[in-house]
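Asks: show me how the following folds:
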Amino acid sequence: MSSESKSINPFDDDTYQFFVLINAAGDYSLWPGFARVPEAWQVVFGLAGRQQCLDYVETHWLNLHPAAAHRTSQEG
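Replies: Model (predicted):
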């Protein structure tokens, strides 16, 4: 298979524009600009390049543990 025929996962493709999304639990997600934003998520940054979105997440998501896992560890 040639490298030209390989498909790149859109989440890893630097040629796309992205949004940064956040959900009610405070979890962040990088989301391709061409895709519909899932319910229960809202756009907090973008449309921007992939690296700009990753930089935004790095400076704003201070607790990288998923919120659900954090709640479970506090309960147990």
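Asks: tell me where the protein has helices.
Replies: 50-60, 67-75 (DSSP state H).
Asks: any idea which of the ones you listed scores lowest on pLDDT?
Replies: Ranked by mean pLDDT, the helices of the chain bottom out at helix 67-75, with a mean of 56.
Asks: contacting residues for the residue nearest to residue 11 when sequence neighbours are not counted?
Replies: Of all residues beyond its chain neighbours, the one nearest residue 11 is residue 30 (6.3 Å), with distances taken as Cβ to Cβ, 6 or more residues apart in numbering. Just so you know, the C-beta spots here come from the backbone N, C-alpha and C atoms, and that holds for glycine as well. Contacts here follow Cβ atoms under 8 Å, 6 or more residues apart in numbering; on that basis residue 30 touches 11, 18, 19, 20, 21, 50, 53, 54, 57.
Asks: among those residues, the buried ones, what's the PyMOL command?
Replies: Command for PyMOL that selects the buried part of these, burial taken from 16 or more other Cβ atoms under 10 Å:
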select buried, resi 18+19+20+21+50+53+57
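Asks: so the residue nearest to residue 11 bridges to which residues?
Replies: When bridges are called by DSSP bridges, residue 30 pairs up with residue 20.
Asks: ok, now residue 49?
Replies: residue 17.
Asks: I'd like to know how far it sits from residue 10.
Replies: Relative to residue 10, residue 49 is positioned 14 Å away (Cβ to Cβ, to the nearest Å).
Asks: run through the protein and note the low-pLDDT ranges.
Replies: 1-6, 64-76 (pLDDT under 70).
Asks: switch to 50 and redo it
Replies: 1-2, 5 (pLDDT under 50).
Asks: same list, the contacts of residue 30, but as TSV with distance to residue 44 please.
Replies: Converted to TSV, those look like this (distance: Cβ to Cβ, whole Å):
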residue	distance to residue 44
11	17
18	12
19	8
20	5
21	7
50	16
53	10
54	14
57	9
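Asks: so which of the contacts of residue 30 comes closest to residue 40?
Replies: Checking the contacts of residue 30 against residue 40 by Cβ to Cβ gives residue 21 as the nearest, at 9.6 Å.
Asks: counting neighbours, what do you get for residue 48?
Replies: 16 (other Cβ atoms under 10 Å).
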